[in-house]
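# Structure, please.
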Amino acid sequence: MGSTLNQGATPAGVEILMNYDGIGLAELVKSGQVSPTELVEASIQAIEALDGEINAIPMRNFEDALDRASSIRRQGPFAGVPFSIKDTANVAGLPSAMGNKFFAEQPPPTQSYGMVRLYEAAGLIVLGKTNTPELSLIPTTEGGVFGTNRNPWNLDHSAGGSSGGAAAAVAAGYMPVAHGTDGAGSIRIPGSHCGVFGFKAGRDRVFPGNTNPRFAFDHVLSRSVRDCALSLAVTQDRSPEIPLEWMEYVQRPSARRLKIGFYCESYALSATSEVKEAVLATARLCQDLGHEVIETKQIIELEEYEKNYIALFARTILAARRTIEEATGKPIEESGLMNRFTIEFGNQAEDLTDEDFEAAENYFLEWEQKFNNWMTPFDVFLTPVMYAPAPEHGFLVDESLDYEVMSRRIFDFVSFVTPMNVFGLPGMSVPLAWSMKGLPIGSHFFAKYGQEAMLLELAYELEAEQPWANKWAPNSIANL
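Below is the predicted model:
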């Protein structure tokens with residue numbers, strides 16, 4: 001991979017970021033070929049050169065990162081590797097805004113939360129927090145307190161959400177791996193939009209975050225499969241009560257051939273012809289690799305599914321709204337501290353009773369069993385991540401639209417990926433296709449509860465057959 005670099009970029013700087021993944025960078029650090037300080041300085045150089053337009057990392061702690069780099073012990077699986085945390089997790093000294101005006105103005109926490117400490121123990125150096133939409137509610141990083149996060153492949157298009165800043169940071173080359181969370185496709189959607197590998201662990205696999213541990217899971221977006229696999233190994237939940245067998249660090253593909261079911265129609269709508277062709281091409285690739293691929297149909301019913309989904313998730317938004325109202329003494333509509341869409345989404349939970357929430361919980365418990373039974377004949381499933389490539393800014397966030405119109409667009413957009421959250425299943429977006437306009441199109445795979453290793457083994461195989469790490473966005477370190 002070649003590049004044209006500005007004068008001042010050193011061999012141990014930006015060009016090394018472009019040519020090595022996280023594990024590769026750590027190996028250079030351990031062997032003494034590059035220092036953590038050089039890597040952090042290169043990452044800062046990339047952010048300062050590109051992020052004025054991309055807006056992936058609005059909260060930065062460069063001085064702290066340089067201090068840590070100068071004193072870090074050169075060991076650990078990711079020793080000295082630049083990293084970022086999504087603005088959903090507490091990082092000592094940085095605001096925990098969650099994309100919201102009110103929370104952005106609260107005092108920063110004095111202690112990082114547990115998952116962040118696990119990343120730091122592995123040697124990762126946090127340079128800042130990545131952009132996210134307000135309360136991580138929508139599948140595009142727009143409308144939050146820090147403004148629009150733009151896609152490195154085309155600045156007029158969405159980087160996805162809610163981990164859009166993380167995906168854009170990796171796609172732009174600021175760092176090889178970045179923290180995200182996935183509560184309704186929030187790792188997989190931006191992974192697909194930005195052409196990077198986005199993996200969502202299933203329920204009980206990783207250390208619980210400060211989001212709902214039944215539906216939302218912390219993990220990473222990365223350029224390589226092995227960075228993702230190693231990140232999973234170092235953040236695995238070690239609690240004795242976890243009902244899963246310990247998963248070894250997955251380092252290579254498996255010889256086992258899989259039975260893969262695929263479909264291109266969600267419970268809400270069909271994929272566009274361009275996305276459908278991308279998924280069909282992935283299905284053919286899997287067949288060429290010796291896997292058995294069979295077309296099937298998903299079984300979820302739109303109306304009941306979405307009604308109960310809203311009941312569960314709107315309650316969380318309503319709780320944040322009440323926190324703001326209690327602190328300001330004003331109705332949320334008068335305070336100007338929450339977007340209209342967020343308010344109206346939360347309003348849907350306002351009149352729901354405890355019995356309604358219990359009914360929604362029971363609905364998903366019942367459907368979890370139905371979905372598991374439906375999955376039984378297959379090992380893995382292949383679907384689109386979204387029904388269309390990344391839309392232009394304003395399509396999913398438009399305050400002039402009625403709530404019903406905007407919410408329908410958003411729910412359609414996430415309809416292929418939310419079942420993996422409510423049913424606790426692992427899933428991943430693999431960057432295997434690009435649209436006619438040059439926008440990435442990810443292929444979405446998911447598997448049964450506890451089968452993260454099976455997905456990673458398949459990802460290694462796809463990565464070897466059709467590599468993506470050498471594909472760089474126009475707005476990235478490859479073009480500095």
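
# In the chain, where is pLDDT below threshold?
1-12, 210-213 (pLDDT under 70).

# Can you give me the domain assignment for it?
What automatic domain parsing lists as the domains of the chain is 14-257+428-479, 302-365.

# okay, those domains, which one's buried deepest?
Mean neighbour counts were taken over those using mean count of other C-beta atoms under 10 Å, and the top value, a mean of 22, falls to domain 14-257+428-479. Every residue, glycine included, has its C-beta placed from N, CA and C.

# so Leu124 sits right up against Ile85, yeah?
No: contact criterion C-beta atoms under 8 Å: Leu124 and Ile85 do not qualify, at 9.5 Å.

# Next up, the contacts around Thr37.
66, 69-70 (C-beta atoms under 8 Å, 6 or more residues apart in numbering).

# So which of the residues you listed are in helices?
Using DSSP state H, the members of these that fall in helices are 66, 69-70.

# Going by distance to Pro109, which of those wins?
Distance to Pro109 across the ones in helices among the contacts of Thr37 (C-beta to C-beta) is lowest for Leu66, with 21.1 Å.

# List the contacts of the spatially closest residue to that closest one that is not a sequence neighbour.
Spatially, and ignoring its direct neighbours in sequence, Leu66 is nearest to Val40 (5.7 Å; C-beta to C-beta, 6 or more residues apart in numbering). Val40 is in contact with 62, 65-66, 69, 80, 82, 125, 127, counting by C-beta under 8 Å, 6+ apart.

# which of those sit farthest apart?
Spatially, the most separated pair among the contacts of Val40 is Phe62 and Gly80, at 15.2 Å (C-beta to C-beta).

# do you know how far the residue nearest in space to the middle of the chain is from Asp218?
Residue closest to the mean C-alpha point of the chain, counted by C-alpha atoms, centre = their mean, is Ile187 at 1.7 Å. Using C-beta to C-beta, to the nearest Å, Ile187 is found at 9 Å from Asp218.

# try Asn90
In this structure, Asn90 and Asp218 are 12 Å apart, going by C-beta to C-beta.

# what's the overlap in contacts for Ile187 and Asp218?
Common neighbours of Ile187 and Asp218 (C-beta under 8 Å, 6+ apart) are 180-181.

# is it true that Ala97 lies in a strand?
No: Ala97 is assigned coil when assessed by DSSP: H, G, I helix; E, B strand; the rest coil, not a strand.

# Now do stretch 253-263: distance to the chain's middle.
24 Å (C-alpha atoms, centre = their mean, to the nearest Å).

# Convert the C-alpha atoms of that stretch to CSV, please.
Extracted as CSV, the C-alpha positions of stretch 253-263 are listed here (Å, rounded to 0.1, in the frame of the first residue of the first chain):
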residue,chain,number,x,y,z
PRO,A,253,-10.4,-20.0,10.5
SER,A,254,-11.8,-23.5,11.1
ALA,A,255,-11.9,-26.4,8.7
ARG,A,256,-15.5,-27.0,9.6
ARG,A,257,-18.0,-26.3,6.8
LEU,A,258,-21.1,-24.5,7.8
LYS,A,259,-24.8,-24.5,6.9
ILE,A,260,-25.6,-20.9,6.2
GLY,A,261,-29.2,-19.6,5.8
PHE,A,262,-29.6,-16.3,4.0
TYR,A,263,-32.4,-13.8,3.4
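
# Look at the residue nearest to Thr418 when sequence neighbours are not counted and give its secondary structure.
Excluding its sequence neighbours, the residue lying closest to Thr418 (C-beta to C-beta, 6+ apart) is Ala184, at 4.8 Å. Here Ala184 takes the coil state, with states given by three-state DSSP.
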